[in-house]
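Trainee: Here's a sequence, model it:
(chains A and B)
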Amino acid sequence: MTKRSTSHGSFTLERVYDATPARVFKAWADPAIKARWFVGIEGWQLLERSIDFRIGGKERLSGRKGSGIVSTFDAVYHDIVPDHRIIYCYDMRLDDVHISASLATIALVPAGAGTRLTFTEQAVFLDGYDDSGSRERGTRILLEQLASELQNA
Amino acid sequence: MAERSVTHATFTLERSYDAPPAKVFKAFADPAIKRRWFVEGEGWEVEEFTTEFKVGGVERGRFRFRGGEPIRNDTTFHDIVPNERIIFAYTMTIGENRISASLATCEFKPSGAGTQFVFTEQGAFLDGLDNVGPREGGWKSLLDALGRELKS
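Mentor: The predicted structure follows:
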């Protein structure tokens, strides 16, 4: 039987984008745009993607990492304020083992002609899964990929 | 338009209950029992309380307190380990305004013949409409009500 344990933690990342809050919001809200930047890093292969961007709606992103492990992101949207805020709760699974549940808050504030995005994750890691900061590093990479998307579009 | 703001906070509450983990867990898992201690407090009118206690299941509560504005609790269950753990996310809404979104972890640990219960809430409190102090106070009252339910 699995030894049950929990480890609670949180982190906050900030980034300023050279795009309006409406454009940054749209990059999360529009499934076609999000599919371009909300992807795994090198060697990652998409298995399943679906998104229902509304309060109570669900999102799933499943992919095979370079290591062969299948990671699955399952989210439920809890709060959406267009151009201002998105809050969702998500589970991560590695090969069907539930490793974490998290509350993610994305807040958008105008900053000059651009947008300051603040991403806050409050997480509980489960049953001895050792995150060692990898969630924060992974999120930083996603926000970098979002920056490239906003520059290219 | 409301001024948008988010305040993040976490609190943990612990209780020792003189009942085994299976019984404390059941007080969350069984809708009829949960209704007694979780929603039927003095002064509360319950307009709706439905729960689907499974991973991915949803619980909906619609209340008023002493005839005030409608209050909504929308919960989704993220993790259930029978007799050991429940993780759920929930939002609270008063009238048309969402006031919070939270992730809650309930842990049930054997302690002698009883249970060491640990509740952790990681919350996002919205637009200055709520904050962690009253939320923590609300859960203290609920866990006291749970204690009375377990003794009855």
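Trainee: Residue B:139 - nearest residue in space that isn't next to it in sequence?
Mentor: residue B:13 (5.9 Å; CB to CB, 6 or more residues apart in numbering or on different chains). From N, CA and C alone the C-beta is placed, and that goes for glycine too.
Trainee: Contact partners for that neighbour?
Mentor: By CB atoms under 8 Å, 6 or more residues apart in numbering or on different chains, the contact list for residue B:13 reads B:118, B:119, B:136, B:139, B:140, B:143.
Trainee: and the fourth one, that's in a helix?
Mentor: Yes. Note on residue B:139: a helix contains this position according to DSSP: H, G, I helix; E, B strand; the rest coil.
Trainee: count of residues packed around it?
Mentor: 16 (other CB atoms under 10 Å in any protein chain shown).
Trainee: Filter the contacts of residue B:13 down to the buried ones, ChimeraX style.
Mentor: Under the burial definition 16 or more other CB atoms under 10 Å in any protein chain shown, those of those that qualify are selected in ChimeraX by:
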select /B:118,119,136,139,143
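Trainee: just to revisit the earlier point, report the distance from the helix or strand the residue nearest to residue B:139 falls within to the chain centre.
Mentor: Secondary structure from DSSP states H and E places residue B:13 in strand B:6-17. Computed by CA atoms, centre = their mean, to the nearest Å, the chain-centroid distance of strand B:6-17 equals 11 Å.
Trainee: Likewise for stretch A:69-83?
Mentor: Worked out by CA atoms, centre = their mean, stretch A:69-83 lies 7 Å from the chain centre.
Trainee: now swap in stretch A:18-36 and tell me
Mentor: Worked out by CA atoms, centre = their mean, stretch A:18-36 lies 13 Å from the chain centre.
Trainee: Now it: buried residues?
Mentor: A:19, A:20, A:21, A:23, A:24, A:25, A:26, A:27, A:28, A:29, A:33, A:34.
Trainee: Closest to chain B out of these?
Mentor: residue A:21 (10.7 Å; CB to the nearest CB).
Trainee: Can you check the pLDDT for that closest one?
Mentor: Per-residue pLDDT puts residue A:21 at 97.
Trainee: So it is in contact with residue A:109, correct?
Mentor: Yes. Between residue A:21 and residue A:109 there is a contact at 7.4 Å, judged by CB atoms under 8 Å.
Trainee: list residues touching both of the two?
Mentor: The contact lists of residue A:21 and residue A:109 share residue A:115, where a contact means CB under 8 Å, 6+ apart.
Trainee: Could you pull out the strands in chain B for me?
Mentor: Under the criterion DSSP state E, strands of chain B are mapped to B:6-17, B:44-51, B:58-65, B:71-81, B:85-94, B:97-111, B:114-126.
Trainee: can I get these in TSV with mean pLDDT?
Mentor: Converted to TSV, those look like this (pLDDT from 0 to 100):
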stretch	mean pLDDT
strand B:6-17	98
strand B:44-51	94
strand B:58-65	95
strand B:71-81	97
strand B:85-94	98
strand B:97-111	97
strand B:114-126	98
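Trainee: residues in contact with residue A:27?
Mentor: A:33, A:34, A:37, A:146, A:149, A:150.
Trainee: Can you tell me which of these is closest to residue B:48?
Mentor: Taking CB to CB as the measure, residue B:48 lies nearest residue A:34 of those, at 33.7 Å.
Trainee: Leaving out sequence neighbours, find the closest residue to that closest one.
Mentor: residue A:28 (6.0 Å).
Trainee: Following element in sequence after the host helix or strand of the one you found, please.
Mentor: Using DSSP H and E, residue A:28 sits within helix A:21-29. For helix A:21-29, the following helix or strand on the C-terminal side (DSSP H and E) is helix A:31-37.
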